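Engineer: The sequence and its predicted three-dimensional model are supplied below.
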Amino acid sequence: MAKEECILSAKDVEIQFSLRGRRLTAIRKCSLDLYEGETLAIVGESGSGKSVFTKAFVGMLDSNGSITNGSIMYDGVDISKYKTEKEWLRIRGKKIAMVMQDPMTSLNPLKKIGVQIQESIELHQGLKGEEAKAEAIEMLKKVGIPDPEHRFNQYPHEFSGGMRQRVVIAIAVACKPQILICDEPTTALDVTIQAQILDLIRNLQRELKMTIIYITHDLGVVANVADRVAVMYAGQIVEYGLVNEIFYDAWHPYTWALLSSLPQLGVKGEELPSIEGTPPNLFNVIKGDAFAPRNKQALAIDFAKEPPFFSISETHKAKTWYLDPRSPKIEQPETIRRMRERLRKRG
Amino acid sequence: MAEKEKLIEVKNLKVSFGTGKNEFVAVQDVNFDIYKGETFSLVGESGSGKTTIGRTILRINPASDGEIYFKGQKINGKISKELDKEVIRKCQMIFQDPMASLNERAKVDYIVSEGLINHHLYKNEAEREEKVQRALREVGLLPEFASRFPHEFSGGQRQRIGIARALVMEPEFIVADEPISALDVSIRAQVLNLLNHLKINRDLTYLFISHDLSVVRFISDRIAVIHKGRIVELAESEELFLHPLHPYTKALLSAVPQPDPEMEKQKKLFVYNPSIHDYSVDKPVWEEILEGHFIYGNQKELDQYRQELKKA
């Protein structure tokens, strides 16, 4: 993995929003490297900042929010310094595209879907009229919509949820972007449709050689699609690593809590370990490890000093004092050990 | 199993909307029993009619055909006023979206006690307050919360208010319609634990409606899989996961992503194609293929399923 080329590198990014005269720090010094051709999944509960962080890559932060610190290097340029819409349009949609959660709201209900795809092609690829239309029909075919010539002239309400999400994907990949950001692309869909959409994205990735960032809270989806996983909590990445390292050998207490609370991994008749309390208020300055107040096994230092990243392997790092050689020995929870056990049994 | 008391019996239920040419049959030929003290789950995709069945049992949607019994008494169609009241009180519902199911303009106190007020289930103001506070405590909320409005709460807390609203009526049967799918991952476990806890302490019986088979496995005793308004397979939950027989059940099981990367890599996706069933000559039946394991199919398919079971 390490040999592969890093195509986007965010360093110490801090994003603040001003709300009613107060400042909220949504992203607190967050760093992330994205390697060419990989699928990276960002997981975390709502409010952890996973959407905000990736929206910053395409300049789609709400108007009261801004990047106040750090850099985002893409193609040799620091895009976090971009100010005008004109600058962003060079990248957004063309190089980095985004698929949103809800296909009901991301399409224009008053326009034929064909026209909406054509628009994106005309804007970014410079094709005109018939040529663009032919390309749009080609895209519809590519995302698996049957009878594309006919469907081209239909409106979004004539499509089912899954088909609509296919259209949204067609618009996003119409310009062959280098990076595709999928923000909860299947949350609003049925499970059987979800499986098909995940497959579709995987096939398109192979065909168009895209790099994909998935934002999701569904660890099942993560296990299905990701090469690498980053776990976010309270505006920071707290652990990242290859997908197997996160699922079978996690080290951050928040990752433990997330995995252990899954009913799929629970034992029937036993209480599911749950995460008590609520995430910290991001208006306040957070001292120490942000997860410490909800962590029953928190160490004294967790409340006093923010932990640095400790390496577990070359690709796997976690931001927790548990990994400091001076810390008392703490065992991984039973769920993690059970997962590893199951893996070993399967061979 | 036989000596268990049947709390709910559903026989040949059919629910349709519209009449004549516009008739749309949402649910048909549905048969199942729910035993006292169990968690019975209905699993299916959106539009499969799972919520409709739940609502029909609670008399929100009228049944077009068939019968529903609650403790041996028929509760669909025309029934006496007293029985109607009893059903409303004893059978409660928990809804999917805690953001939409609470009255934004009412205080928690009123939301929780609305049922009590409608049914005059308290002697005086003090008793009503006492009941509300007890319900709130039981779902893990502070009694002070009664004077607040729903917008002051997080999603998980709101769902607890929804549960308290059902509990205050002292129900015996609760229809939980996707109670955790709108919640954040970290809160789901809390609400599932709470539901399990209440089931034991309050002697409740649940009809759990969900689209997620993996969640359902954790909490239910028996599972029915529903497709296009028809129950295609019904079994005890471990049995269903060990020996899924109907192709739709297999498709559904394979579609749910498991939080286990190595398993996901080896997974084969089954796609269900309803046209494999040829029911033109050989008519399908609802058959108990093993004790407690029901399946919908014609004779030829049933033979095939029996073969599969033997191999397993």
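Structural biologist: Here it is on my side, so go on. Numbers count the residues shown, from 1 in each chain, chains lettered A, B, ... in the order given.
Engineer: For the stretch 201-312 of chain B, which segments are assigned as strands?
Structural biologist: B:205-210, B:222-227, B:230-236, B:285-290, B:293-297 (DSSP state E, counting those that start in this stretch).
Engineer: could you dump these to JSON lines with mean neighbour count?
Structural biologist: Using the backbone N, CA and C atoms, a C-beta is placed for each residue, glycine as well. Shown next, in JSON lines, are the strands of the stretch 201-312 of chain B (neighbours: other Cβ atoms under 10 Å in any protein chain shown):
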{"stretch": "strand B:205-210", "mean neighbour count": "25"}
{"stretch": "strand B:222-227", "mean neighbour count": "24"}
{"stretch": "strand B:230-236", "mean neighbour count": "24"}
{"stretch": "strand B:285-290", "mean neighbour count": "15"}
{"stretch": "strand B:293-297", "mean neighbour count": "21"}
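Engineer: Turn these into CSV, including distance to B:Tyr272 and mean pLDDT.
Structural biologist: What follows is these, written out as CSV (distance: least, Cβ to Cβ, whole Å; pLDDT from 0 to 100):
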stretch, distance to B:Tyr272, mean pLDDT
strand B:205-210, 18, 94
strand B:222-227, 8, 95
strand B:230-236, 10, 94
strand B:285-290, 19, 90
strand B:293-297, 13, 93
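Engineer: With respect to A:Thr84, which of these lies nearest?
Structural biologist: Ranking the strands of the stretch 201-312 of chain B by proximity to A:Thr84 (Cβ to Cβ) places strand B:205-210 first, at 47.7 Å.
Engineer: Show me what that closest one pairs with in its sheet, parallel or antiparallel.
Structural biologist: Strand B:205-210 has its sheet partners listed here by DSSP bridges as strand B:39-43 (parallel), strand B:173-177 (parallel).
Engineer: For it, C-alpha coordinates in CSV please.
Structural biologist: Taking only C-alpha atoms (Å, rounded to 0.1, in the frame of the first residue of the first chain), the coordinates of strand B:205-210 have been written out as CSV:
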residue,chain,number,x,y,z
THR,B,205,-44.8,-9.6,23.7
TYR,B,206,-43.3,-7.9,20.6
LEU,B,207,-44.0,-7.8,17.0
PHE,B,208,-40.8,-6.4,15.6
ILE,B,209,-40.8,-5.0,12.1
SER,B,210,-37.5,-4.5,10.4
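Engineer: Now do it against strand B:222-227, angle only.
Structural biologist: 40 degrees (axes from the mean of the first three to the mean of the last three Cα atoms, to 10 degrees).
Engineer: would TSV of the strands of the stretch 201-312 of chain B with distance to B:Lys267 be doable?
Structural biologist: Conversion of the strands of the stretch 201-312 of chain B to TSV gives the following (distance: least, Cβ to Cβ, whole Å):
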stretch	distance to B:Lys267
strand B:205-210	21
strand B:222-227	19
strand B:230-236	20
strand B:285-290	26
strand B:293-297	24
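Engineer: Quick one, which of these gets closest to B:Gln28.
Structural biologist: The nearest among those, by Cβ to Cβ, is strand B:230-236 at 6.2 Å.
Engineer: State the paired neighbours of that closest one in the sheet, together with their directions.
Structural biologist: strand B:222-227 (antiparallel), strand B:293-297 (antiparallel).
Engineer: hey, which helix is longest across the chain?
Structural biologist: Answering for chain A, as no chain was given. Looking across chain A with DSSP state H, the single longest helix is helix A:191-208.
Engineer: wrong chain, I was asking about chain B
Structural biologist: Chain B, longest helix under DSSP H: helix B:185-201.
Engineer: Around chain A, pick out the residues from the stretch 1-150 of chain B.
Structural biologist: B:Glu45, B:Ser46 (Cβ under 8 Å from any Cβ of the partner chain).
Engineer: re earlier: got the angle for the longest helix of chain A vs strand B:39-43?
Structural biologist: Going by the same axes, to 10 degrees, helix A:191-208 makes 50 degrees with strand B:39-43.
Engineer: does any part of helix A:191-208 sit near chain B?
Structural biologist: Yes: using Cβ under 8 Å from any Cβ, helix A:191-208 reaches chain B at A:Val191, A:Thr192, A:Gln194, A:Ala195, A:Leu198, A:Asp199.
Engineer: and the residue of the stretch 151-300 of chain B found nearest chain A, what are its phi and psi?
Structural biologist: Ranked by Cβ to the nearest Cβ, the top residue of the stretch 151-300 of chain B for proximity to chain A is B:Pro257, at 3.2 Å. Main-chain torsions, B:Pro257, degrees, to the nearest 10: phi -70, psi 130.
Engineer: what's the nearest residue to it if we skip its chain neighbours?
Structural biologist: The shortest distance from B:Pro257 to any non-neighbouring residue, by Cβ to Cβ, 6 or more residues apart in numbering or on different chains, is to A:Gly220 (3.2 Å).
Engineer: list the contacts for the one you found?
Structural biologist: A:Gln264, B:Ser214, B:Val256, B:Pro257, B:Gln258, B:Pro259, B:Glu264 (Cβ atoms under 8 Å, 6 or more residues apart in numbering or on different chains).
Engineer: What does the pLDDT read for the one residue in the stretch 151-300 of chain A that gets nearest to chain B?
Structural biologist: Chain B sits closest to A:Gly220 of the stretch 151-300 of chain A, with a gap of 3.2 Å, by Cβ to the nearest Cβ. For A:Gly220, the model assigns a pLDDT of 90.
Engineer: ok, now the one 3 residues further on?
Structural biologist: pLDDT recorded at A:Ala223 is 94.
Engineer: is it true that it lies in a helix?
Structural biologist: Yes: under DSSP: H, G, I helix; E, B strand; the rest coil, A:Ala223 falls within a helix.
Engineer: For B:Leu142, grab the count of nearby residues.
Structural biologist: By the criterion of other Cβ atoms under 10 Å in any protein chain shown, B:Leu142 has 10 neighbours.
Engineer: Do a quick rundown of the strands in the stretch 101-250 of chain A.
Structural biologist: So, for the stretch 101-250 of chain A - with DSSP E, counting those that start in this stretch - the strands run A:179-183, A:211-216, A:228-233, A:236-242.
Engineer: need the ones you listed in CSV with mean neighbour count, mean pLDDT and distance to chain B, can you?
Structural biologist: As requested, the strands of the stretch 101-250 of chain A are exported to CSV (neighbours: other Cβ atoms under 10 Å in any protein chain shown; pLDDT from 0 to 100; distance: least, Cβ to the nearest Cβ, whole Å):
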stretch, mean neighbour count, mean pLDDT, distance to chain B
strand A:179-183, 23, 94, 14
strand A:211-216, 24, 95, 10
strand A:228-233, 26, 96, 9
strand A:236-242, 24, 96, 9
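Engineer: Please dump those strands into JSON lines; it should also carry distance to A:Lys95 for every row.
Structural biologist: As requested, the strands of the stretch 101-250 of chain A are exported to JSON lines (distance: least, Cβ to Cβ, whole Å):
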{"stretch": "strand A:179-183", "distance to A:Lys95": "7"}
{"stretch": "strand A:211-216", "distance to A:Lys95": "11"}
{"stretch": "strand A:228-233", "distance to A:Lys95": "21"}
{"stretch": "strand A:236-242", "distance to A:Lys95": "23"}
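Engineer: Can you tell me which of these is nearest to A:Ala257?
Structural biologist: Nearest of the strands of the stretch 101-250 of chain A (Cβ to Cβ): strand A:228-233, 9.6 Å.
Engineer: what does that closest one contact?
Structural biologist: Contacts for strand A:228-233 (Cβ under 8 Å, 6+ apart): A:1, A:30, A:32, A:35, A:38-45, A:48-50, A:53, A:222, A:237-243, A:246-247, A:252, A:254-255, A:258, A:279, A:290-291, A:315.
Engineer: can you tell me the helix or strand for B:Val10?
Structural biologist: strand B:6-17 (DSSP states H and E).
Engineer: Would you tell me what the next helix or strand after that strand is?
Structural biologist: Heading C-terminal from strand B:6-17 (DSSP H and E), you reach strand B:24-35.
Engineer: Report the distance from that next one to the chain centre.
Structural biologist: 12 Å (Cα atoms, centre = their mean, to the nearest Å).
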